[in-house]
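Fold the stuff below for me.
(one chain, ligands or ions: 2)
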Amino acid sequence: MLAYTYVEKGRFELREKPRPTLRGSRDAIVRVTLSSICTSDLHIKHGFVPRAVPGITVGHEMVGVVEETGPAVPNVRPGDRVAVNVETYCGDCFFCRHGWVNNCTDPDGGWALGCRIDGGQAEYVRVPHADTGLTRIPDSVTDRQALFVGDLLATGYWAADIGEIHPGDTVLILGAGPTGLCTLACVQLKQPGRIIVCEKDPDRLAFVRAHYPDVLAVGPEGLPEFVRAHSDHGGADAVLEVAGTEDTFRLAWECARPNAVVTVVAMYDRPQTLPLPDMYGKNLIFKTGGVDGCHCKETLDLIAAGKIDTTPLITHTFPLREIDKAYDLFEHRRDKVIKVAIENTP
Ligand SMILES: [Zn+2]
Ligand SMILES: [Zn+2]
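Ligands and ions are numbered 1, 2, ... in the order given. Now for the predicted structure:
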């Protein structure tokens with residue numbers, strides 16, 4: 001089968017590999033129908049993810065059809081269409097029992113697919129802990145609608161959830177890239193009074209204005225003043241930092257009202273500084289990433305009910321054979337790309 005492979009720092013290649021087989025009783029083999037490229041894939045490509053091993057198949061955002069299951073996978077059967085969770089987790093350890101599946105202590109726990117073990121930018125993928133990691137897609141939900149359930153939407157759902165957002169609140173989201181947009185879709189479900197999205201890329205701002213007309217979409221210039229003018233208590237009640245730059249890290253706490261919750265969803269490429277003397281008296285609560293992706297069923301139900309629709313994020317589609325072109329477009333952000341879908345035609 002074809003599998004997009006991390007060859008060495010700076011190089012991915014579409015290679016011929018043997019089809020994966022079941023190794024454990026909780027494994028499943030999934031025939032991938034649609035996958036996507038994530039910024040984390042680019043981090044692997046450029047050698048920023050030391051856990052990623054050369055030779056592995058990349059890709060951790062995918063949907064497909066169950067081909068085969070081990071005896072301890074009661075939740076899905078061959079032929080089922082499924083969303084694959086980015087995180088594989090045991091479901092039994094201390095962290096899993098608390099819903100903190102990102103910190104699962106199992107050797108395959110956390111983000112393993114497409115990083116430490118073969119992932120899904122391929123024709124087939126072996127999913128360990130398939131009993132916790134695969135979720136059946138309702139018949140009324142298409143593959144394209146479900147594509148982001150296991151990774152981006154899981155992140156957005158988790159962020160909106162831990163952000164402690166109450167009806168009527170002013171919520172500030174920093175960053176309107178793919179993760180920011182999925183976060184926005186999930187924040188809307190909490191019925192805040194106002195949502196302010198800050199983004200410096202004019203194309204992304206235009207996308208927010210076109211698809212989310214009720215949202216206040218602004219650039220970073222003068223943001224603290226803007227947020228104060230559009231909130232009831234001198235700043236945002238909840239801030240979600242999804243952009244991951246030094247500037248947005250600073251804006252996150254500057255724009256928060258006293259006692260607000262600041263949720264840091266973003267991954268930074270370097271340490272950030274908390275200027276505690278300047279912040280003294282703000283009494284902020286910081287929550288940091290990464291995602292506990294264990295609510296795929298809930299997000300799929302919300303999609304089926306018409307409450308979340310992330311299909312407009314898929315701006316481009318390529319067949320697996322042309323995945324090099326898809327990476328080139330995504331990495332260099334050409335042609336107003338937001339997300340790319342990689343299609344496997346049988
Ligand atoms: Zn990802
Ligand atoms: Zn666990």
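
Quick one: neighbours of the spatially closest residue to Pro71 that is not a sequence neighbour, just the number.
Nearest residue to Pro71, sequence neighbours excluded (C-beta to C-beta, 6 or more residues apart in numbering): Ser25, at 5.0 Å. Bear in mind the C-beta positions are built from the backbone N, C-alpha and C, glycine included. Neighbour count of Ser25, defined by other C-beta atoms under 10 Å: 12.

give me the element Ser25 is part of.
Using DSSP states H and E, Ser25 is not contained in any helix or strand.

Same question for the one 5 residues further on.
Under the criterion of DSSP H and E, Val30 resides in strand 28-36.

May I have that strand exported as PDB, CA atoms only?
Output of strand 28-36 as PDB, limited to C-alpha atoms (Å, rounded to 0.1, in the frame of the first residue of the first chain):
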ATOM      1  CA  ALA A  28      -8.200  -2.500  14.500                       C
ATOM      2  CA  ILE A  29      -7.200  -2.100  10.900                       C
ATOM      3  CA  VAL A  30      -8.900   0.900   9.200                       C
ATOM      4  CA  ARG A  31      -9.000   1.500   5.400                       C
ATOM      5  CA  VAL A  32      -8.500   5.200   5.300                       C
ATOM      6  CA  THR A  33     -10.900   7.100   3.100                       C
ATOM      7  CA  LEU A  34     -10.000  10.700   3.900                       C
ATOM      8  CA  SER A  35      -7.200  12.200   5.800                       C
ATOM      9  CA  SER A  36      -5.800  15.600   6.400                       C
END
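
Is the next helix or strand after that strand positioned near ligand 1?
Once the chain leaves strand 28-36, the next helix or strand it forms, by DSSP H and E, is helix 39-45. Yes - on the criterion C-beta under 5 Å from the ion, helix 39-45 is in touch with ligand 1 at Ser40.

which is the next helix or strand following helix 39-45?
Past helix 39-45, further along toward the C-terminus, the next helix or strand under DSSP H and E is strand 62-69.

roughly how far is that next one from the heart of the chain?
20 Å (C-alpha atoms, centre = their mean, to the nearest Å).
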